[in-house]
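S.K.: What follows is a predicted protein model with its sequence.
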Amino acid sequence: MVATVKEVKIPKKPIPVIGSLQTMYNIGRFMFKKPVTVQYPEDKGEIPERFRFRIFLSPEACIGCTLCEQVCPNHSIKMEVWKIDEEAKPKGDVVIETARGARENLQNKRHIYPDVNFGTCTVCRNCEEICPTDAIYLTHQFEDARTRNSFTYSPKELTMQEDEVIK
Ligand code: SF4
Ligand code: SF4
């Protein structure tokens, strides 16, 4: 048995004159306007004055009071013991080895400093506002793309610029 193919007539569509004219009008309208997008990363665009993201830590100022950890609504901050320079410790002059060299911080008797998990931080600024010594603060820095396993910055990494942090 031979199958026959039935010819199907496709109806002709009317030319969408109004749609075409509208498209040409829109192209003409936006062709000479300043683009709303920027060529990131060469152009970072305008950062609003009140924008805040990346958290930094001043280890010399932190007294280990744990207030920042307590007020964080997302449990993004955990206090951790910073690696102590054991050789210098008995002399009582140098207690921590920061990204900017050895620092004295005799106020922080327990040697505990905050780390921050940027995967859960919602940039509420509670930690900055509660800190009695302005040791923890948010900045305009926002370029810190990283993998799922390295969202948490140690206290030492919180003292570094983004390109110094080992990812
Ligand atoms: S960063 Fe500020 S609030 Fe947090 S433990 Fe140090 S001194 Fe206390
Ligand atoms: S800014 Fe981030 S780390 Fe600080 S309290 Fe808010 S959620 Fe926690």
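M.R.: Nice, I can see it. Ligands and ions are numbered 1, 2, ... in the order given.

S.K.: chain center to the longest helix along the chain, what's the gap?
M.R.: Ordering each helix of the chain by length in residues (DSSP state H) puts helix 17-31 first. Helix 17-31 has its C-alpha centroid displaced from the chain centroid by 40 Å (C-alpha atoms, centre = their mean, to the nearest Å).

S.K.: Show the average pLDDT along that helix.
M.R.: The average pLDDT for helix 17-31 rounds to 88.

S.K.: Name the surrounding residues that touch that helix.
M.R.: For helix 17-31, there are no external contacting residues (C-beta atoms under 8 Å, 6 or more residues apart in numbering). Every residue, glycine included, has its C-beta placed from N, CA and C.

S.K.: E80 contacts V116, doesn't it?
M.R.: No. Assessed by C-beta atoms under 8 Å, E80 is found out of contact with V116, at 10.7 Å.

S.K.: Same drill for these two, tell me which one is more crowded.
M.R.: V116 (26 against 14; other C-beta atoms under 10 Å).

S.K.: ok, back up a step: following the longest helix of the chain, which helix or strand comes up?
M.R.: Going down the chain from helix 17-31, the next helix or strand is strand 55-57, by DSSP states H and E.

S.K.: helix or strand right after that next one?
M.R.: Downstream of strand 55-57 (by DSSP H and E), the next one is helix 67-71.

S.K.: can you list the residues of the protein near ligand 2?
M.R.: When proximity is defined as C-beta under 6 Å from any ligand atom, the chain approaches ligand 2 at 71-72, 74, 76-77, 116, 121-127.

S.K.: can I get those residues in TSV with distance to Q39?
M.R.: As requested, the residues of the chain next to ligand 2 are exported to TSV (distance: C-beta to C-beta, whole Å):
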residue	distance to Q39
V71	39
C72	36
N74	34
S76	32
I77	36
V116	31
C121	28
T122	29
V123	26
C124	32
R125	31
N126	35
C127	34
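
S.K.: Return the subset of the residues you listed lying in helices.
M.R.: When these are checked against helices (DSSP H), the matches are V71, N126, C127.

S.K.: ok, of those residues, which come out buried?
M.R.: Using 16 or more other C-beta atoms under 10 Å as the burial test, those include N126, C127 as buried.

S.K.: Let me know the closest of the ones in helices among the residues of the chain next to ligand 2 to ligand 1.
M.R.: In terms of C-beta to the nearest ligand atom, no member of those lies closer to ligand 1 than C127, at 6.5 Å.

S.K.: Many thanks, we can stop here.
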